[in-house]
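*Asks:* I would like the atomic coordinates for the input below:
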Amino acid sequence: MAETPRVLFVADLNSYAKGRARMRALERLGLKIKPVTHTAIGGNDKGYPDLSISFRLAWKIGIHIDTEKVNRILPIEAKTFTPDLVWIEKGNMIKPATIKRMKAASPNAVIVSYSEDDMFNELNRTRAFTAGLAHYDIVFTTKSHNTNPDELKALGARRCIMVDKAFDPDQHYPVDITHDELNAYGSDIGFIGSYARERGEDVMMLAKNGFQVRVWGNGWNSFMETHPNLKVERRALVNTDGDLLYSKAIAATRINLGFLRKANRDLQTDRSIEIPACGGFMLAEYSTEHARLFENGLEAVFYRNRDEMMKKARYFLEHESERQTIAAASRERCVNSGYTHDERLRFMLSQALGKPF
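*Replies:* Model prediction:
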């Protein structure tokens, strides 16, 4: 292995994408990076590029069209760049034959799969991803269920390791907001994330019980209920190189909801770390992983049912100082406990390359 490890980094490299944040973290750690985007650049307004009808139809039958031609590019880069590590994020478009060709071109390279989605869920993976699992040296996942013997290992993964979610210190921090930004993005209670039926039911229940609620995210066009206390923006808020809209909305919101997605069997989400890292107060669904990451009542507040959610929301809206103290403590926990992408990657690099970073 070269003195400075070389990483062929394959991910969504849009400015709003977490793959881009992880690539920057690897650069901060001193690794030499050859970036390859597997996703078209664009879509800053919604957090993903426009998808053609043919792309959507192919996805329905388990095929991710390789729009960026990475199956052709990667074996060439593996030969010319000679990486120590090939890092592939959610490689649904990458064929097993491509992984084998990379291994043949650069036999000493460790080939890694990383995903933040529940890849045992058939809705999240393609036929190519499933067939390719056996060819990765390590599969990293943020879904602890996926490490069970009857999940990704049963589909062929040889070594499966769970890693917690993370935040990007370049964008997830307590930002200063103007009075106009407070009005543009703020609310007593807010949620930033994609629509799911149970999420719609929860925010409507809060609105019906007198809370002022604001929602941002994709997919909310299918939510048709209305209430004077509920403002559904029906658009995403993402951080880009041009503006930290997502971080500003967290700062502008008195209580930030941390819903878990049931279809993904979430025990933590990106928001679980990003809200506290931004200095926001988080009121989130209880899970064993949430309780491990933050101390309930001191660094975040968790609820187990809707009645408890309403009771705690009302209490903390009425206790400003206590809410701010908890928010500050959650930010401190993120910073002092190594919840950055940099520290998560240190762990994964040590697992993949067999030496500390």
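*Asks:* Phi first, then psi, for Phe191.
*Replies:* Dihedral pair for Phe191: phi -140, psi 130, per degrees, to the nearest 10.
*Asks:* My guess is it contacts Phe259. True?
*Replies:* Yes - counting by CB atoms under 8 Å, Phe191 does reach Phe259; the two are 6.4 Å apart. For the C-beta atoms, the positions are set from N, CA and C on the backbone; glycine is no exception.
*Asks:* Common neighbours of the two, please.
*Replies:* Arg199 (CB atoms under 8 Å, 6 or more residues apart in numbering).
*Asks:* Those two: who's more crowded?
*Replies:* Phe191 (25 against 19; other CB atoms under 10 Å).
*Asks:* so who does the more buried one touch?
*Replies:* With contact taken as CB under 8 Å, 6+ apart, Phe191 is in contact with 199, 203, 213-217, 256-257, 259.
*Asks:* do the same with Gly217
*Replies:* Listed by CB under 8 Å, 6+ apart, the contact partners of Gly217 are 191-195, 233, 235-237.
*Asks:* for Ala196, same thing?
*Replies:* When the contact criterion is CB under 8 Å, 6+ apart, the partners of Ala196 are 219, 259, 261-263.
*Asks:* ok, now Asp342?
*Replies:* Counting by CB under 8 Å, 6+ apart, Asp342 makes contact with 25, 28-29, 169.
*Asks:* Filter these down to the ones in helices?
*Replies:* Using DSSP state H, the members of these that fall in helices are 25, 28.
*Asks:* May I ask which two of the contacts of Asp342 are separated the most?
*Replies:* Between all members of these, the longest pairwise span (CB to CB) is found for Leu29 and Pro169 and amounts to 12.8 Å.
*Asks:* picking up where we left off before, out of the contacts of Gly217, which comes closest to Asn121?
*Replies:* Ser194 (14.7 Å).
*Asks:* Helix or strand with the lowest mean pLDDT in the protein?
*Replies:* helix 53-60 (a mean of 94; mean pLDDT, DSSP states H and E).
*Asks:* Now Ala329: closest residue in space, sequence neighbours ignored.
*Replies:* Glu299 (4.7 Å; CB to CB, 6 or more residues apart in numbering).
*Asks:* give the contact list for the one you found.
*Replies:* Taking CB under 8 Å, 6+ apart as the test, what Glu299 contacts is 276, 326, 329-330, 333.
*Asks:* In CSV: these, plus pLDDT.
*Replies:* Supplementary listing: the contacts of Glu299 in CSV, determined by pLDDT from 0 to 100:
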residue, pLDDT
Pro276, 98
Ile326, 98
Ala329, 98
Ser330, 98
Arg333, 98
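*Asks:* Please put the alpha-carbon coordinates of stretch 297-312 into PDB.
*Replies:* Included here for stretch 297-312 are C-alpha records, laid out as PDB according to Å, rounded to 0.1, in the frame of the first residue of the first chain:
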ATOM      1  CA  GLY A 297     -33.900  14.900  28.500                       C
ATOM      2  CA  LEU A 298     -30.400  16.400  28.600                       C
ATOM      3  CA  GLU A 299     -29.100  16.300  25.000                       C
ATOM      4  CA  ALA A 300     -32.300  15.600  23.100                       C
ATOM      5  CA  VAL A 301     -35.900  14.700  24.000                       C
ATOM      6  CA  PHE A 302     -37.500  11.400  22.900                       C
ATOM      7  CA  TYR A 303     -41.100  10.300  22.900                       C
ATOM      8  CA  ARG A 304     -42.700   6.900  22.500                       C
ATOM      9  CA  ASN A 305     -46.200   7.800  21.400                       C
ATOM     10  CA  ARG A 306     -48.200  10.700  20.000                       C
ATOM     11  CA  ASP A 307     -49.600  11.800  23.400                       C
ATOM     12  CA  GLU A 308     -46.100  12.000  24.800                       C
ATOM     13  CA  MET A 309     -44.900  13.900  21.700                       C
ATOM     14  CA  MET A 310     -47.600  16.500  22.200                       C
ATOM     15  CA  LYS A 311     -47.000  16.800  26.000                       C
ATOM     16  CA  LYS A 312     -43.300  17.300  25.500                       C
END
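*Asks:* Just send the contacts of Asp342 back as TSV, with neighbour count, pLDDT and distance to Met119 too.
*Replies:* What follows is those, written out as TSV (neighbours: other CB atoms under 10 Å; pLDDT from 0 to 100; distance: CB to CB, whole Å):
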residue	neighbour count	pLDDT	distance to Met119
Ala25	21	98	22
Arg28	14	97	27
Leu29	17	96	25
Pro169	18	97	27
